[in-house]
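> sharing a model that was predicted from the sequence below.
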Amino acid sequence: MPYTQDLLKMWQRVIENFGDSMPRATIENLFYDIVVESFDGKVAVLSMHSEYRHSLIIKKYLEKIRSLISEQVGRQISLVFKYSGSSRYYIDQLRLEYSLLGGEPAVRVDPQKSLSEENKEEHARPVSTLPPCNQEYTFNNFIVGNSNKFAHAACVAVAERPATDYNPLFVYGQSGLGKTHLLYAITNELTKKKPDIKIIYTKSEDFTNYLVECLKDRAMDRFRQKFRNCDVLLIDDIQFIAGKDSTQEEFFHTFNALYEEHKQIILTSDRPPSDIKTLEYRLKTRFEWGLIADIQPPELELRLAIIKKKSEQAGVKVPDDVCEFLAENLRTNIRQLEGSIKKLRALSFLTGTDITMEMARGCVSELLGGAEPVSVTVDKIFTTVHKKYGIPKEDIIGSRRTKEIAFARHVTSYLIRNITEMSLPNIGKLLGRDHSTIISSINTIEKKLRSDAIFNVEIDQMIKEVNGK
């Protein structure tokens, strides 16, 4: 059957039944993003995004999941469990489970071949294309803001004119900021314009694993044929080759071969080349030959835009005040924002109620894992300002307008905006002022900072005190 509310309910019961064997928090951390794609009465198809957790579940919990689903439907079923970052299924598991039913495997395999032989055959193909589930990542649905517009523009330029202006292209930033989305977008754009183009997309870990496999099989020609016979090479998380001598040696020669043939090389990392310790100097310098583009954590306006877009895509109505609350509190990466929408959607469905601020607070508390929400930080700001200037919170949010109170109010507005990135209208509501008054307060402090070195030190000290540094 297609993915319906019945499937969601079935999966929710499976999760609940896991509660007898492990803590609830562990269950949520392991299984929260598993999607039941389909179930035809005999075969349940599940998928998830995390490669690490996917491997862990395959090893330790897959049989338990299959057993619990079988209990739900009243008969033995087979299970297909996919990692949605790859087009490969766990074929050996399918063989085992289908043998119980006397049926044919959902993924056709040659019974004369071992799984390792099938893997070698797959790896030997000259072109590695993206799995269908990643065709959705395009430049059109990549939401652009100040924090990522340079990297986005660079990737668009490479997709329009590969191996010309920016080669190699090196994109870096923290996990969850959209680097992989941009790699997929480049690949999809190039494939659409040039269907015959030869593209290799891989993670650095897979690059290393395949190298080890080829070394063991004494088949380095196969390795070089795969990675040097392409028009575009994209490697995600290149920082993981650091410290691996054989991998760095082979990648150095692969890089040179492609560069000399005017083939495009695109790399991502969680840090710039100069900060990757134990990466060989000759590789660092080559990574710097082309263009280095960074992606910073999303600013408030971008976070808000992402939340609204993800809500729309998920078909869930999130009130504006909840959107603002999420944007103000979840500041680290885009995955947090996406996770909050998935969580709220599930809560709304399972409780049969509209999304509320109370749900959002609980969701933020879980996602932050003990980090302080904005409300706690704001209270610290009031306390710090009171300690510095002797003006209590009641006077700052009150109607009195003495020179001392007004100045403390200006400082409070500035600190809230810069530490929490709370929206100007919400700062106004908090302090009992309108939007334009808050702007004027912040401008007053910024002007004083430009001309008063001692005041700069005072503000820095207050920020450190609020942040506990």
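Received the coordinates, thanks.

> tell me where the model's unsure across the stretch 351-469 of the chain.
368-376, 469 (pLDDT under 70).

> so where do the helices sit in it?
357-368, 374-389, 393-396, 403-420, 424-431, 435-451, 453-466 (DSSP state H, counting those that start in this stretch).

> tell me how far the shortest one lies from the chain's centre.
In this case it means helix 393-396. With CA atoms, centre = their mean, to the nearest Å as the basis, helix 393-396 stands 40 Å off its chain's centre.

> which other helices and strands contact it?
helix 374-389, helix 403-420 (3 or more CB pairs under 8 Å, 6 or more residues apart in numbering; DSSP states H and E). Backbone N, C-alpha and C define where each C-beta goes, glycine included.

> so which of those is the most packed in?
helix 403-420 (a mean of 20; mean count of other CB atoms under 10 Å).

> on the three-state scheme, the residue nearest the centre of the chain is what?
Nearest residue to the geometric centre of the chain (CA atoms, centre = their mean): G176, 2.7 Å. Using DSSP: H, G, I helix; E, B strand; the rest coil, the structure places G176 in coil.

> for I57, phi and psi?
phi -70, psi -40 (degrees, to the nearest 10).

> for it, grab the count of nearby residues.
20 (other CB atoms under 10 Å).

> and N456, by the same measure?
Around N456 there are 13 residues (other CB under 10 Å).

> quick one on the thing from earlier: can I get the helices of the stretch 351-469 of the chain in a markdown table with distance to I77?
Listed next are the helices of the stretch 351-469 of the chain as a markdown table, based on distance: least, CB to CB, whole Å:
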| stretch | distance to I77 |
| --- | --- |
| helix 357-368 | 31 |
| helix 374-389 | 46 |
| helix 393-396 | 59 |
| helix 403-420 | 49 |
| helix 424-431 | 49 |
| helix 435-451 | 57 |
| helix 453-466 | 54 |
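
> indicate which one of those is closest to S78.
helix 357-368 (33.2 Å; CB to CB).

> got the residue ranges for the strands in the stretch 101-250 of the chain?
Taking DSSP state E, counting those that start in this stretch to define them, one finds strands in the stretch 101-250 of the chain at 169-172, 199-203, 232-236.

> closest to P168 out of the helices and strands packed on helix 393-396?
Short answer: helix 403-420, nearest of those by CB to CB, at 35.9 Å.

> how is this structure divided into domains?
Domains of the chain are assigned by automatic domain parsing as 5-113, 132-294, 300-368, 374-466.

> mean pLDDT lowest where, among those domains?
The minimum mean pLDDT among the domains of the chain belongs to domain 5-113 (a mean of 65).

> quick one: contacts for L68?
R13, V14, N17, F18 (CB atoms under 8 Å, 6 or more residues apart in numbering).

> can you rerun that using 10 Å?
M10, W11, R13, V14, I15, E16, N17, F18, Y61 (CB atoms under 10 Å, 6 or more residues apart in numbering).

> which of the helices or strands spans it?
Under the criterion of DSSP states H and E, L68 resides in helix 62-73.

> next SSE after that helix?
Next element after helix 62-73 (DSSP H and E): strand 78-83.

> quick one: distance of that next one to the chain centre.
23 Å.

> buried residues in that strand, which are they?
S78, L79, V80, F81, K82, Y83 (16 or more other CB atoms under 10 Å).

> element containing the residue nearest to the third one when sequence neighbours are not counted?
Looking back up the chat, that one is V80. The spatially closest residue to V80, leaving aside those adjacent along the chain, is V45, at 4.5 Å (CB to CB, 6 or more residues apart in numbering). Using DSSP H and E, V45 falls within strand 43-48.

> so what strands line up beside that strand?
The sheet places strand 43-48 alongside strand 35-39 (antiparallel), strand 78-83 (parallel), with pairing taken from DSSP bridges.

> tabulate those (a markdown table), appending distance to K403.
Below are the strands paired with strand 43-48 laid out as a markdown table (distance: least, CB to CB, whole Å):
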| stretch | distance to K403 |
| --- | --- |
| strand 35-39 | 59 |
| strand 78-83 | 63 |
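
> nearest to K429 among these would be which one?
Closest to K429 of the strands paired with strand 43-48, according to CB to CB: strand 35-39, at 38.1 Å.

> buried subset of the contacts of L68, written for PyMOL?
The PyMOL command for the buried members of the contacts of L68 (criterion: 16+ other CB under 10 Å) is given here:
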select buried, resi 10+11+14+15+18+61
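
> max pairwise distance over the contacts of L68: which two?
Spanning the widest gap among the contacts of L68 are M10 and Y61, at 16.8 Å by CB to CB.

> in contact with L326, which residues?
303-304, 306-307, 311, 318, 336-337, 340-341, 344, 360, 363-364, 367.

> just the ones of the residues you listed in strands?
Judged by DSSP state E, strands contain none of these.

> among those, name the buried ones.
303-304, 306-307, 311, 318, 336-337, 340-341, 344, 360, 363-364, 367.

> where do the helices sit along the stretch 51-200 of the chain?
51-60, 62-73, 91-101, 115-123, 149-160, 179-193.

> mind listing what's buried along the first one?
By neighbour count on 16+ other CB under 10 Å, the buried set for helix 51-60 is R53, H54, I57.

> quick one: which of these is nearest to I442?
Using CB to CB, the buried residues of helix 51-60 come closest to I442 at R53, 42.9 Å.

> for Q174, see how far away that closest one is.
In this structure, R53 and Q174 are 20 Å apart, going by CB to CB, to the nearest Å.

> again with T383
Taken as CB to CB, the span from T383 to Q174 is 30 Å.

> got it, and V364?
19 Å.

> just E261 next, same as before
Counting by CB to CB - E261 and Q174 are separated by 33 Å.

> again, but for L337
14 Å.

> that older thread, as CSV, the strands of the stretch 101-250 of the chain with mean neighbour count and distance to N188 would be great.
Shown next, in CSV, are the strands of the stretch 101-250 of the chain (neighbours: other CB atoms under 10 Å; distance: least, CB to CB, whole Å):
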stretch, mean neighbour count, distance to N188
strand 169-172, 25, 16
strand 199-203, 21, 10
strand 232-236, 24, 12
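
> D217: which of those is closest?
Using CB to CB, the strands of the stretch 101-250 of the chain put strand 199-203 closest to D217, at 18.3 Å.

> any idea what the residue nearest to V80 is bridged to?
Beta-bridge partners, per DSSP bridges, of V45: S38, V80.

> surely it is in contact with L79?
Yes: distance between V45 and L79: 8.2 Å, which falls inside the contact criterion (CB atoms under 10 Å).
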